[in-house]
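>>> fold the following and give me the result.
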Amino acid sequence: MLPFVQGQVAWPSGPVLFLRARDGAALRQFPLSQLVCEQSFRPDAEALEHAGLQVIAEASPSSSATRYPLVLVLPPRQREEARALLARAVQLAAPGGIVVAGMTNNEGAKSGEADLKQLAGLAGTLTKFHCRTFWTRPLHEAADIALLEKWTSLDAPRRIEGGRFLSRPGVFAWNRIDPASALLVEHLPADIAGQGADLGAGYGYLSSELLARCPKITALDLYEAEARALALAETNLADSTSSATRQFLWHDVTRGLPARYDFIVSNPPFHTQSRADRPDIGQRFISVAAEALKPGGRLWLVANRHLPYEQILNERFGDVRVAGERDGFKVIAAVKARR
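As a prediction, the model looks like this:
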């Protein structure tokens, strides 16, 4: 928001679109009623809603007649997804409108600035707080239509693993089967049964393997905070021959679960978008799993070997063991104590 505070960029009188929006104190300097916020990550979307901001699922140039005099963007770290987001921002800007983007340096700010400059040209840039913000000139017409079209399609869903799964850039381990998840699958026993949950389901790999390997599963709930991933998981499990009922829940696991389960599987996140370690997220996943499991319920978890999960596992579960280790990962099997 610094270019507006310093008067280098004028704040418009009309609606302002904010892509990958996050709440923050700097927003309070401007009329919040003008903001239309797009955010597919559930914790950030909830924070925006709690602040009284309007949150939408997606602003699409093809389906929306609205064009905005100002489009704010917080591009993600993954470059293909970021380029597609910048291209969409340019398309959603009204004639004469501008795009303003901001990134932290360790999330690729220098590359983001170069990309927006290549796409539409820049009018200015500022650096402060280990971040960079950069903005276009008034966009009366796109400088490079061919590049705009090319970048718009960069994060389109596509088939991976020989066509088995649908995925897209920006989703966790988007172009491969994550090796930690693959190790977890190797150690899942075939006698898993009853009602279960996959915490942090991603594009659905773990759940797909569960349903294929464990015929006694009667119901499976997939919890995922990123709506882009959850939509892929629903597609990827559509062809499963399992008779188990399925729910796809856009949900922040750290806030707790609304149901009780016989089993839970998880490859929990343990870092932020900037790749900084956040073991407290995985620890919270473990605590929530313990709360949601029925007495005697089982948890299968995979994690990097160095992560400090043992203390909370031993505190919250009656029986804890390392079921397997490889390539720096560990699979943990835990059973909730019976009262």
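
>>> most centrally placed residue in this structure?
Glu226 (3.6 Å; Cα atoms, centre = their mean).

>>> how near is that residue to Pro75?
16 Å (Cβ to Cβ, to the nearest Å). Every residue, glycine included, has its C-beta placed from N, CA and C.

>>> now the helices for the stretch 201-339 of the chain?
For the stretch 201-339 of the chain, the helices defined by DSSP state H, counting those that start in this stretch cover 205-213, 227-236, 279-292, 310-316.

>>> reformat those helices as JSON lines; add mean pLDDT and mean neighbour count.
Formatted as JSON lines, the helices of the stretch 201-339 of the chain follow (pLDDT from 0 to 100; neighbours: other Cβ atoms under 10 Å):
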{"stretch": "helix 205-213", "mean pLDDT": "97", "mean neighbour count": "21"}
{"stretch": "helix 227-236", "mean pLDDT": "98", "mean neighbour count": "21"}
{"stretch": "helix 279-292", "mean pLDDT": "95", "mean neighbour count": "20"}
{"stretch": "helix 310-316", "mean pLDDT": "93", "mean neighbour count": "15"}
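
>>> the ones you listed: which one's closest to Leu53?
Minimum separation from Leu53 across these (Cβ to Cβ) falls at helix 227-236, 17.0 Å.

>>> now do that closest one: which elements does it pack against?
Here helix 227-236 touches strand 165-167, helix 205-213, strand 217-224, strand 245-250, going by 3 or more Cβ pairs under 8 Å, 6 or more residues apart in numbering; DSSP states H and E.

>>> out of those, nearest to Phe285?
strand 217-224 (9.8 Å).

>>> what sits up against the closest one?
Strand 217-224 is contacted from outside by 192-202, 204, 207, 210-211, 230, 233, 237, 242-251, 253, 257, 259, 261, using Cβ atoms under 8 Å, 6 or more residues apart in numbering.

>>> same question, stretch 119-134
With Cβ under 8 Å, 6+ apart as the criterion, stretch 119-134 contacts 2-3, 6, 8-9, 83, 86-87, 90, 98-106, 109-110, 112-113, 116-117, 135-137, 139, 142-144, 147-148, 151.

>>> buried subset of those residues?
2-3, 9, 83, 86-87, 90, 98-104, 109, 112-113, 116, 135-136, 139, 142, 147-148, 151 (16 or more other Cβ atoms under 10 Å).

>>> now the strands for the stretch 1-150 of the chain?
Under the criterion DSSP state E, counting those that start in this stretch, the stretch 1-150 of the chain carries strands at the ranges 16-19, 35-38, 54-56, 68-73, 93-104, 124-128, 131-135.

>>> just put the ones you listed in a markdown table and tack on mean pLDDT.
Shown next, in a markdown table, are these (pLDDT from 0 to 100):
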| stretch | mean pLDDT |
| --- | --- |
| strand 16-19 | 98 |
| strand 35-38 | 96 |
| strand 54-56 | 95 |
| strand 68-73 | 98 |
| strand 93-104 | 96 |
| strand 124-128 | 96 |
| strand 131-135 | 97 |
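
>>> looking at those, which is closest to Leu313?
The nearest among the strands of the stretch 1-150 of the chain, by Cβ to Cβ, is strand 93-104 at 32.7 Å.

>>> and the closest one, how far out from the chain middle?
Distance, stretch centre to chain centre, for strand 93-104: 23 Å (Cα atoms, centre = their mean, to the nearest Å).

>>> got the angle between that strand and strand 68-73?
20 degrees (axes from the mean of the first three to the mean of the last three Cα atoms, to 10 degrees).

>>> who touches strand 93-104?
So strand 93-104 is contacted by 3, 9, 12, 14, 67-75, 86, 89-90, 109, 112-113, 116, 120, 123, 130-141, 274 (Cβ under 8 Å, 6+ apart).

>>> got the angle between it and strand 124-128?
Using the same axes, to 10 degrees: strand 93-104 against strand 124-128 is 30 degrees.

>>> quick revisit: output the helices and strands packed on helix 227-236 as CSV; include the columns distance to Ala156.
Below are those laid out as CSV (distance: least, Cβ to Cβ, whole Å):
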stretch, distance to Ala156
strand 165-167, 10
helix 205-213, 20
strand 217-224, 20
strand 245-250, 21
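
>>> nearest to Arg42, out of these?
Closest among the helices and strands packed on helix 227-236, once you apply Cβ to Cβ, is strand 245-250, at 5.6 Å.
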